[in-house]
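Participant: The following block contains a protein sequence and its predicted model.
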Amino acid sequence: MKVVLGLGNPGPKYDATRHNVGWWALDRLAHDWKLGSFRKEGPALVTGGVVAGEEVLLVKPTTFMNRSGVALRPFLGREGFAVSRDLVVIVDDATRSVGRLRLRPSGSAGGHNGLKSIEAVLGSRDYPRLRIGVGRPPSGEDLVSWVLSPMSEEDEDQVLSLLTELSEGLEEWIRGDLESAMNRLNR
């Protein structure tokens, strides 16, 4: 089983914010892969089905960003589930220009509280993560205020247009070829 964890915050107040692009990505994947509606399962919203011959679950933690790792606990004890092979986390990145993608097999949290929570639960940094650039905060603007604010229409359109490419790129990862997925998505 493959788990795609998209980070975001629950509630309409956060729907359009930069911090929720992980949820935007999962909505697009669910649509493209025809997985149906998300349903509440414990500390997450979940949908799933078969993609590229593998069982895939899309998971949106409903614990708020700083506790995102809690949503992973139900999967960690499953037989055959290997975090470095079977998990990818999709997250906003305020250090990258809008619309830039970066898929890596491991790395640091880079100051992102959602990734810090995941690392705390996993006890490891060795899991793939796909960062979606949401732009750097303007000079003098607080990072928290920036990521919790809505994007401009132009920036939102740019992010939404690249989400269409995620399905095919992540299908490469599902098939077990992370390097091919990185070559396809990184820019």
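Facilitator: Arrived safely.
Participant: What is the lowest-mean-pLDDT helix or strand in the chain packed up against?
Facilitator: For the chain, counting by mean pLDDT, DSSP states H and E, helix 73-76 ranks last in confidence among helices and strands (a mean of 89). Contacts defined by 3 or more Cβ pairs under 8 Å, 6 or more residues apart in numbering; DSSP states H and E place helix 73-76 against helix 113-122. Any C-beta I mention is one placed from the backbone N, CA and C, and that applies to glycine too.
Participant: can I get the CA coordinates of the helix it packs on in PDB?
Facilitator: Once non-C-alpha atoms are left out, helix 113-122 reads as follows in PDB (Å, rounded to 0.1, in the frame of the first residue of the first chain):
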ATOM      1  CA  ASN A 113       6.200  22.500  11.500                       C
ATOM      2  CA  GLY A 114       4.100  19.900   9.700                       C
ATOM      3  CA  LEU A 115       7.300  18.100   8.600                       C
ATOM      4  CA  LYS A 116       8.700  18.400  12.100                       C
ATOM      5  CA  SER A 117       5.600  16.600  13.400                       C
ATOM      6  CA  ILE A 118       6.000  13.800  10.900                       C
ATOM      7  CA  GLU A 119       9.700  13.400  11.700                       C
ATOM      8  CA  ALA A 120       8.800  13.300  15.400                       C
ATOM      9  CA  VAL A 121       6.300  10.400  14.800                       C
ATOM     10  CA  LEU A 122       8.500   8.500  12.400                       C
END
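Participant: helices and strands around it, which ones?
Facilitator: With contacts defined as 3+ Cβ pairs under 8 Å, 6+ apart, the packing partners of helix 113-122 are helix 73-76, strand 87-93.
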